[in-house]
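Asks: compute the structure for the input listed below.
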Amino acid sequence: MNSFTVLNGGIFSLIEDFGRFGLCDKGITNSGVMDEYAYIIANNLLQNKAGTNCIEITLGGLKLRANSDCIISITGADCGCTINSKKINNWKTYNLHVGDILEFGYSKEGMRAYLAVKGGFDIPKELRSNSTTVKEQIGGINGDKLKEGDMLSLKNNQFEDYNISLKKDYIPKYEKHLVLRVVLGYQDDFFDTKEIEKFFLQKYTISTQNNRMGYRLEGEQIKCQIDGIISEGISFGAIQIPKDGQPIILLKESQTIGGYPKIGSVLPIDCFKLLQLRAGDSINFEQINIEEAQEKMRLFNSL
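Replies: Now for the predicted structure:
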């Protein structure tokens, strides 16, 4: 049988793709992979079609047994991955054979690793996507994280010796401090000039309250002239300022509408880097105009 058997689901391993779109009016979040760069490279290394599903491994611990010959790629955080107890490197492909054991340790830098397989996993889509959204119990395997005993069928049943790796120049470094570029939003008028200056000048720490919905930051309070707004749609990377003045960066599984004022939005490609940070790491914000932001996104989308 062309498949993997899950021997250990790890801390939080999910089947993901780019996510599901066009359903926010029904209250269904986009979901999808958190670090799109690592995900895209994982599929590119295998010459998979854009949007082919993968496994997103948060912090590590995933253990699989190959029930057929197949080709995989691994990108993202280095979790000390091994094949049959032999250490392997990220950002390249590997040939697996029947009975091989693929195991992820636990990352020391970065939060999320990605495992892609040639042709993808043969899993029915739900609402046009394989992405798992645990809080809504949709997608993936029964809308839940991977667990011991799960069977992951593979679409591709042809095997050929395959070995390719990413050039070192394109391999990201997962550092503990980032500068995130921000486009100010149309609600910035609700913030005094000194509050906006404070927002851009200070260093923030990533709170322990971080997940697929959003990253809460800790720093000097940012004051807003209003307590709230009429609830409106939320975009990926939007920065809400709640009543306590501690910014929240909204991410792939954020609520679809919200009533806190938003000072601006983080450039999506910087959000992908943010999502490799963990609690205690730090960030600064830097302003960017909309034209620069659009050009950088165009370059990224040409990958």
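Asks: may I ask which helix or strand encompasses the residue nearest the centre of the chain?
Replies: In the chain, the residue lying closest to the centroid (Cα atoms, centre = their mean) is residue 34, at 1.0 Å. Element membership for residue 34, per DSSP states H and E: none, as it lies in no helix or strand.
Asks: isn't it up against residue 214?
Replies: No - Residue 34 sits out of contact with residue 214 when judged by Cβ atoms under 8 Å, with a separation of 11.5 Å. Using the backbone N, CA and C atoms, a C-beta is placed for each residue, glycine as well.
Asks: so what sits against both of these two?
Replies: Common neighbours of residue 34 and residue 214 are listed as residue 251 (criterion: Cβ atoms under 8 Å, 6 or more residues apart in numbering).
Asks: measure the residue nearest to the centre of the chain to residue 207 for me?
Replies: Distance check for residue 34 against residue 207: by Cβ to Cβ, to the nearest Å, it reads 17 Å.
Asks: do residue 137 as well
Replies: Separation of residue 137 from residue 207 (Cβ to Cβ) stands at 26 Å.
Asks: neighbour count winner among these two?
Replies: residue 207 (15 against 12; other Cβ atoms under 10 Å).
Asks: on the three-state scheme, the residue nearest to residue 161 when sequence neighbours are not counted is what?
Replies: Of all residues not flanking residue 161 in the chain, residue 95 sits nearest, at 6.1 Å (Cβ to Cβ, 6 or more residues apart in numbering). Secondary structure assignment for residue 95 (DSSP: H, G, I helix; E, B strand; the rest coil): strand.
Asks: residues in contact with stretch 237-251: which ones?
Replies: Taking Cβ under 8 Å, 6+ apart as the criterion, the residues outside stretch 237-251 that touch it are 34, 182, 185, 191, 199, 204, 207, 212-224, 227, 234-236, 254, 258, 260-268, 270-271, 274-275.
Asks: quick one: the residue nearest to residue 161 and residue 118 touch, right?
Replies: No - counting by Cβ under 8 Å, no contact exists between residue 95 and residue 118, whose distance comes to 9.7 Å.
Asks: of these two, which one has the most company?
Replies: For residue 95 versus residue 118, neighbours defined as other Cβ under 10 Å are more numerous around residue 118 (23 against 17).
Asks: for residue 257, give me its contacts.
Replies: 231-234.
Asks: just the ones in strands from the residues you listed, please.
Replies: When DSSP state E defines the strands, the subset of the contacts of residue 257 inside them is 232-233.
Asks: only the buried subset of the contacts of residue 257, as a PyMOL command please.
Replies: A single PyMOL command suffices to select whichever of these are buried according to 16 or more other Cβ atoms under 10 Å:
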select buried, resi 234
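Asks: which one among the contacts of residue 257 gets closest to residue 6?
Replies: Each of the contacts of residue 257 was scored against residue 6 by Cβ to Cβ, and residue 234 proved nearest at 32.9 Å.
Asks: picking up where we left off before, okay, and the beta partners of the residue nearest to residue 161?
Replies: With DSSP bridges as the criterion, residue 95 is bridged to residue 71.
Asks: roughly how far does it sit from residue 55?
Replies: 18 Å.
Asks: do residue 293 as well
Replies: Separation of residue 293 from residue 55 (Cβ to Cβ): 30 Å.
Asks: and if you look at residue 301?
Replies: Per Cβ to Cβ, residue 301 is found 23 Å from residue 55.
Asks: tell me which of those two has more neighbours.
Replies: Taking residue 301 and residue 55 together and counting by other Cβ under 10 Å, residue 55 has the greater number of neighbours (28 against 11).
Asks: surely that one meets residue 123?
Replies: No - checked against Cβ under 8 Å, the pair residue 55 and residue 123 is beyond contact range at 10.8 Å.
Asks: overlap in contacts of the two?
Replies: When contacts are counted by Cβ under 8 Å, 6+ apart, residue 55 and residue 123 have 15, 152 as shared neighbours.
Asks: who's in contact with the closest residue in space to residue 36 that isn't next to it in sequence?
Replies: Sequence neighbours aside, residue 272 is the residue nearest to residue 36 in space, at 5.2 Å (criterion: Cβ to Cβ, 6+ apart). Shown in contact with residue 272 (Cβ under 8 Å, 6+ apart): 34-38.
Asks: and what about residue 272, helix, strand or coil?
Replies: At residue 272 the chain is in helix, as set by three-state DSSP.
Asks: need the pLDDT of it.
Replies: Predicted confidence (pLDDT) for residue 272: 96.
Asks: one more: residue 73?
Replies: So residue 73 comes in at 98 (pLDDT).
Asks: can you name every helix or strand that the helix or strand it falls within contacts?
Replies: Element membership for residue 73, per DSSP H and E: strand 70-76. With contacts defined as 3 or more Cβ pairs under 8 Å, 6 or more residues apart in numbering; DSSP states H and E, the packing partners of strand 70-76 are helix 36-45, strand 92-96, strand 112-117.
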